[in-house]
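**Q** this one's structure only:
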C-alpha cells in the first residue's frame, strides 16, 4: 500500500483543464460583436431613399437581376475611414455595383466626406433617420451586404472590410453568385 | 442565464432612476409621455440586449441605436402592437441574440439543457466513484493476539 503506483485517473483533472483551455481559447478567437445575421438567405428589405449626390431615388428593386453590394457607412464612423481605401481599390476592379448607404448622417457631411476621401460608390443613398438601417439590422457601421440576382442577402460583413475579407470572402462569393 | 436577467433588472432600475434624474435636468419633452406606454417600453426593452454595448439592456443603453430602437418600440406600442409582435420585429432584425431569454428550440437546447446534463453526468460519476471506493476497501481483518496485547500495553502506558 505504501508504494504509490501511478494511477491513470490522476490525469483526469489535467485533461479536463486542457479541454476547458482549448474550448475557451476558441471562444477568445470569436468576436462577440459578430452576431449571426438573421437576414442571410432572406430577401433584402425594400426601401426607396433619396440619392446623396444629385437628384432621384434608389430602391433595391432597381438592382433586380444583378449581384450587388450594399455598404453602410457614415461620415462620423471612424472604422469607415479605415475601410475606405479598400473600397476604392474594389471600385477600381470594376466588379459588381457598390451602393453606399449614408447611415444617420448629415447629407452635407456625407458629401464632404466623399469629396475628401474619394468616391468608390456606384451611387449613394441617404438614410438620415436610420430607419432603413434598422430594417437591415445594422448595429455597427460599417456593414456590407452581398445581395444576389434575386435580391436575397447572401452575406453580411460586420465591421470594416479588410484585404483578406475582400480577397477570400467577397470576391469569391461575387464570382460564384454571378455564374 | 439568471444572472443576466437579474443584471437586466438592475439595469432597468438604473435606467428608471436615470429617467427620474433626467426629467429634472431636461427641458420639457415635445411629446407628452404616456406612463403606461413608458412602462411597457421598459418591460420590453429591459428583456433585450443592446447590440452596440452588449452588456447593457436596450432599456439602459445610451447608444444611439438603442435610443432609436426604443423610439421604434414606443411607436409600435402606441400603434397597439402586442409584446409578441414587437419581440418578433426585433428578432427578425437582430436574431435571437437580442433576447436575454432565448427561446427553447433545437439550436438552443445545449444552452438550456446542457447545464442539467453536466449536473446529471457529475452525479452519475460521483455515485460511481463512491461505489468503487466502498468496493475496493480492504476487508476488516481481526487483530491477532500479539497486536491486541501490544495495544493494551500502549494504552496502559498512557499518562
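**A** In hand now; what should we look at? Since the model is a prediction, treat every value here as computed from it, not as a measurement.
**Q** So which bits of chain A are right by chain B?
**A** Contact residues, chain A versus chain B (Cβ under 8 Å from any Cβ of the partner chain): A:32-33, A:35-39, A:104, A:130, A:134-140. For the C-beta atoms, the positions are set from N, CA and C on the backbone; glycine is no exception.
**Q** Kindly write the PyMOL command that selects the buried subset of those.
**A** Buried residues among the residues of chain A next to chain B (16 or more other Cβ atoms under 10 Å in any protein chain shown), as a PyMOL selection:
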select buried, chain A and resi 35+37+38+39+104+130+134+135+136+137+138+139+140
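**Q** Which ones among the residues of chain A next to chain B map onto helices?
**A** A:134-135 (DSSP state H).
**Q** What about the residues of chain A next to chain B, which are in strands?
**A** Among these, no member falls in strands (DSSP state E).
**Q** nearest to residue B:105, of the residues of chain A next to chain B?
**A** Among the residues of chain A next to chain B, residue A:38 lies closest to residue B:105 (Cβ to Cβ), at 13.3 Å.
**Q** correct me, but the closest one touches residue B:94?
**A** Yes: judged on Cβ atoms under 8 Å, residue A:38 makes contact with residue B:94 at a distance of 7.2 Å.
**Q** Flag every buried residue along the biggest helix by length in chain B.
**A** Ranked by residue count and defined by DSSP H, the top helix of chain B is helix B:109-136. For helix B:109-136, the buried set under the neighbour-count rule, 16+ other Cβ under 10 Å, is empty.
**Q** tell me how far the following helix or strand past that helix is from the chain's mean position?
**A** Helices and strands here follow DSSP states H and E; after helix B:109-136, the next one along the chain is helix B:145-157. From the chain centre to the centre of helix B:145-157 is a distance of 61 Å (Cα atoms, centre = their mean, to the nearest Å).
**Q** So, low pLDDT: which residues of chain A?
**A** A:1-4 (pLDDT under 70).
**Q** Nearest the geometric middle of it, what residue?
**A** Note on chain A: the residue nearest the mean C-alpha position is residue A:157, at 1.9 Å, using Cα atoms, centre = their mean.
**Q** Find the helix or strand that that one is a member of.
**A** strand A:153-158.
**Q** just checking, what packs against that strand?
**A** Judged by 3 or more Cβ pairs under 8 Å, 6 or more residues apart in numbering or on different chains; DSSP states H and E, strand A:153-158 is in contact with strand A:143-147, helix A:171-178.
**Q** Dump those to CSV, plus mean neighbour count.
**A** Formatted as CSV, the helices and strands packed on strand A:153-158 follow (neighbours: other Cβ atoms under 10 Å in any protein chain shown):
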stretch, mean neighbour count
strand A:143-147, 24
helix A:171-178, 14
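**Q** what does the domain assignment say about chain B?
**A** B:2-103, B:107-157 (automatic domain parsing).
**Q** mind listing what's buried in the host helix or strand of residue A:24?
**A** In the assignment (DSSP H and E), residue A:24 maps to helix A:11-29. Using 16+ other Cβ under 10 Å as the test for burial, helix A:11-29 gives no buried residues.
**Q** who's in contact with that helix?
**A** For helix A:11-29, there are no surrounding residues in contact (Cβ atoms under 8 Å, 6 or more residues apart in numbering or on different chains).
**Q** returning to what we had before: out of the domains of chain B, flag the one nearest chain A.
**A** Closest to chain A of the domains of chain B, according to Cβ to the nearest Cβ: domain B:2-103, at 3.6 Å.
**Q** Please tell me I have it right and residue B:99 contacts residue B:91.
**A** Yes: taking contacts as Cβ under 8 Å, residue B:99 lies within contact range of residue B:91: 6.7 Å.
**Q** before we move on, the earlier item: just give me how far the strand holding residue A:157 sits from the chain centre.
**A** Relative to its chain's centre, strand A:153-158 lies at 5 Å (Cα atoms, centre = their mean).
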